[in-house]
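**Q** next comes the sequence, and after it the predicted model I'd like to discuss.
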Amino acid sequence: MRPDRRLALAGITSLLGMAGTGLMPQPAMAQRRGGTLVLVVQPEPPTLGSYISTALPVGQVATKIYDGLLEYDFDLKPLPSLAESWTVSDGGRTVTFRLRSGVKFHDGQPFTSADVQFTVMEVLKKVHPRGINTFSEVTAIETPDPQTAIFRLTRPAPYMMMALSGYESPILPKHVFGQGDIRSHQNANSPVGTGPFRFVQWRRGEFVRLDRNPDYWKPGLPYLDRIVVRFIGDTGTRAAALEKGEAHVAGFGAVPYNDVRRLERLPNIRIETRGYEMLSPVVELMFNTRKPPFDNVRVRQAISFSIDRQFVIDNMWFGFGKPTNGPISSNFAPSGFYSADVMNYNVPDGVDRANRLLDEAGFPRRADGTRFEIVHDITPYGEEWRRFGEYTQQALARIGIKASLRYEDVATWLRRVYTDYDYDVSSNSLFNLADPVLGVHRAFHSRFIRPGTVFVNGVRWSDPRADELMDQATIEPDPRKRAELYTEIQKIVVAAAPLAWTHEINYATVLDRRYRDVIVSPLGLFGSFDRAWRE
Amino acid sequence: MTRPFWIRLVANPRAAFGLVWLGLVVLAALAAPLIAQADPFAITGSPFARPFGESGLGTDSLGRSVWSGLVFGARTTLLIAVIATLSAVAFGGLVGALAGFYGGRIDDLLMRLTEFFQTIPSFIFAILLVAMLSPSATSVVVAIATVSWPPIARVVRGEVLTLRSREFVQAAITLGERDAAILLRQILPNALSPLIVTGSLLVATAILTESALSFLGLGAPNLMSWGFMVGAGRSFLRDAWWLVAIPGVAILLTVLSINLVGEALNDALNPRLRTP
């Protein structure tokens, strides 16, 4: 660890209070150079252009090649990366990044502020699916010298500081991507970045080969000689490759949860559930809140009460989850954004309370024991979701709601839920991402009732008070005040139950025990693997 | 003097086996609500209970009874297969009869249409149809019927073509009987035996198609079926073999039985194979 980095960090004044705390990872004793790590990614990414696709497989490959301005620690505090330091001034409307000098792209060209300006203004703000929102307040980036980039914002955007990782906002070389159409750029699949590994080869259907970047700006890193990203279509073969030590790392459900439980018992395998803190998927039941009877808050609450969250986690997600009531993941507990002080639906007498609520709501049981009939749309994501749908049907039956199941392909289901709003109840899981503004507001802020846009407010719930609080939290620079706002927001939406949040998914990464320091940050498999090493 | 048809059929030991198994399956399907709890999707026990323990044939990953799934699955599987086959026989029979009886341009047109359907790989076509119509019992029936009528049409056309030139049909035409009456009263009864044999074998294919669709998650989502059970259990093959083995064996035996009975029907109905 170089002392100057820590000094630079300590000297930073930040209005956001987000400056690093000196929590740079300490090198362990016995790291060794050399070795090849085989990462299993499922499915094969359609592109390596992580500036245009946020798909999970894309990010897992591209983050080894591209760096971001910042990194983050497990408490989601920003750390320096390509940006050595930063200051926030003018009430949050100016953010000045001091860029690291002597950094070179893989083609030998130096990294400068022009690359930052180009990447954010010309690429991320225009074509990145989330960058359009993240950088919406950024009007200009000034580059007084090659080592300084000044972001000018119309309003404060504290969440922007959470979205500057190599996964969320990869920094591209202007001299490569500046020419030609960025949407179909020839270098998308032969990427050039500043990261610890260089792109060498992509043999479609088989692997991507990344070799050690000897000129990497972190001295002595990376430790590994090579990363091979393998694509193995068959679930069983993937598990077998890890079991035999032919592949070393796999996450994001590349190995089904029940197989993870089996692999966990093997001596050469280790399971890691950290490293997904900047995604934080939360599972939700969606109610079509403008369609009777789901316009009735008691009906929505009753359904939330009827779900036995622990049963769902144990039997559908094989223990890889955590019961919850609200939209914000407990991964945000360190920043104070997560609040447990909300209505609790996860109670032992949930079924009784649900039945009482439905009686009060004016839906008494009829002679056949049912109250009303609905259609439940199963989320077409795979086995555990199908089981979750079947379980929901059973849970609803216990409170007198007769649900029939509908199962459609992803495109049809997305259109039904987010465009036509032609559904009663469905389920989904949305990523919280690195900040509630980026991942949470979209699910129930009325600004996000956007027919045709997926993974937004498909429940069409709208509450002026909640909207107002979210708007305040968006631009509030003081983290403590933001936390207070989020506490209130959670109280309101959990009680109103436009969605029933059931559990946080804890993705599991399967690791070969010989490989160390693979998951070292909340970015997990989206980290650069620069400090990963083989025993 | 030849023995009656049904005696010839039962005398064949393979057919007898098939008939006994099919009888059991039909019985289970009919009596399903009496011999298993009413909802096969109901969570009734602890997950992954082993078979032949306290819970009959064991339970699946959610604690749903495999026995209940098996008998209700028999219901779904048989019902869908039989209805799909009957639809295919009705439609294919009509097309074949019209083509064979009228010949000429109508024959050309209908046979080209039949060939068009025959050139599409049938299972892929079925998947496509179900995906387009959104999975439900009706769409599965429609998909199976749509991919299985062409062979029926060809068989019926062939039969009608030969029967049409026989004296008794010519006589009926000369007597001025209407076309529909000739087809139904004179030709159809005589074309029945190949139709029954092809149709019975088609039921077996329909069961396999239904199971394969359900295995892929494209079956009727509210109906328990054997293919669905195999599909849902396949990820637990190494931990819970019974989730795949039990419904898998049920599919195997049922399809085998239908084939055995179909063959025996062919032997019994084929006049050339009749022993005096």
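**A** Now that the structure is in, tell me what you want to look at.

**Q** not counting residues beside it along the chain, what's closest to the most centrally placed residue in chain A?
**A** What sits nearest the mean C-alpha location of chain A, by CA atoms, centre = their mean, is A:Leu279, with 2.2 Å. Of all residues not flanking A:Leu279 in the chain, A:Phe431 sits nearest, at 4.7 Å (CB to CB, 6 or more residues apart in numbering or on different chains). Every C-beta, even on glycine, is put in place using the N, C-alpha and C of the backbone.

**Q** pLDDT score assigned to the one you found?
**A** The model reports A:Phe431 with a pLDDT of 92.

**Q** before we move on, what about A:Tyr216?
**A** 95.

**Q** excluding covalently adjacent residues, which one is nearest to it?
**A** A:Pro196 (4.8 Å).

**Q** was I right to think the residue nearest to the centre of chain A contacts A:Ser429?
**A** No - with contact defined as CB atoms under 8 Å, A:Leu279 does not count as touching A:Ser429 (10.1 Å).

**Q** for residue 185, give me its contacts.
**A** Unless you meant another one, I'm taking chain A. Going by CB atoms under 8 Å, 6 or more residues apart in numbering or on different chains, A:His185 touches A:49, A:177.

**Q** looking at chain B here, not the other one
**A** B:172, B:177.

**Q** shaky segments in the chain?
**A** This is for chain A. A:1-29 (pLDDT under 70).

**Q** that's the other chain; I wanted chain B
**A** Along chain B, segments meeting pLDDT under 70 span B:1-3, B:55, B:271-276.

**Q** now the helices for it?
**A** Shown for chain B, the helices assigned by DSSP state H span residues B:5-11, B:13-30, B:32-35, B:66-102, B:104-119, B:122-133, B:137-164, B:167-174, B:179-181, B:188-215, B:226-233, B:242-269.

**Q** which parts of chain B sit against chain A?
**A** For chain B, the residues in contact with chain A (CB under 8 Å from any CB of the partner chain) are B:39, B:41-43, B:47, B:61-63, B:131, B:134-135, B:217-218, B:221-222, B:232, B:235-236, B:238-239.

**Q** and those residues, which of them are buried?
**A** B:39, B:41-43, B:47, B:61-63, B:131, B:134-135, B:217-218, B:221-222, B:232, B:235-236 (16 or more other CB atoms under 10 Å in any protein chain shown).

**Q** how's chain A carved up into domains?
**A** A:3-65+A:195-277+A:508-534, A:70-177, A:281-505 (automatic domain parsing).

**Q** next one: phi and psi at whatever residue of chain B ends up closest to chain A?
**A** The minimum distance from chain B to chain A, using CB to the nearest CB, falls at B:Pro221 (4.0 Å). For B:Pro221, the backbone dihedrals (degrees, to the nearest 10) come out as phi -70, psi -20.

**Q** how about the contacts made by it?
**A** A:378, A:389, A:404-407, B:135-136.

**Q** how close does the residue nearest to the centre of chain A get to chain B?
**A** 24 Å (CB to the nearest CB, to the nearest Å).

**Q** if we can go back for a sec, just put the helices of chain B in JSON lines and tack on distance to A:Asn288.
**A** Converted to JSON lines, the helices of chain B look like this (distance: least, CB to CB, whole Å):
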{"stretch": "helix B:5-11", "distance to A:Asn288": "56"}
{"stretch": "helix B:13-30", "distance to A:Asn288": "37"}
{"stretch": "helix B:32-35", "distance to A:Asn288": "33"}
{"stretch": "helix B:66-102", "distance to A:Asn288": "29"}
{"stretch": "helix B:104-119", "distance to A:Asn288": "40"}
{"stretch": "helix B:122-133", "distance to A:Asn288": "23"}
{"stretch": "helix B:137-164", "distance to A:Asn288": "24"}
{"stretch": "helix B:167-174", "distance to A:Asn288": "61"}
{"stretch": "helix B:179-181", "distance to A:Asn288": "51"}
{"stretch": "helix B:188-215", "distance to A:Asn288": "28"}
{"stretch": "helix B:226-233", "distance to A:Asn288": "27"}
{"stretch": "helix B:242-269", "distance to A:Asn288": "34"}
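
**Q** okay, those, which one's buried deepest?
**A** helix B:226-233 (a mean of 26; mean count of other CB atoms under 10 Å in any protein chain shown).

**Q** specify the angle between it and helix B:188-215 in degrees.
**A** 10 degrees (axes from the mean of the first three to the mean of the last three CA atoms, to 10 degrees).

**Q** and helix B:226-233, C-alpha only, in PDB?
**A** The C-alpha trace of helix B:226-233 is given here as PDB (Å, rounded to 0.1, in the frame of the first residue of the first chain):
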ATOM      1  CA  TRP B 226     -46.100 -36.100 -15.500                       C
ATOM      2  CA  GLY B 227     -43.800 -34.100 -17.800                       C
ATOM      3  CA  PHE B 228     -44.100 -31.200 -15.400                       C
ATOM      4  CA  MET B 229     -43.100 -33.400 -12.500                       C
ATOM      5  CA  VAL B 230     -40.000 -34.600 -14.400                       C
ATOM      6  CA  GLY B 231     -39.100 -31.100 -15.400                       C
ATOM      7  CA  ALA B 232     -39.500 -29.700 -11.900                       C
ATOM      8  CA  GLY B 233     -37.500 -32.600 -10.400                       C
END
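
**Q** which strands or helices does it pack on?
**A** helix A:383-398, helix B:66-102, helix B:188-215, helix B:242-269 (3 or more CB pairs under 8 Å, 6 or more residues apart in numbering or on different chains; DSSP states H and E).
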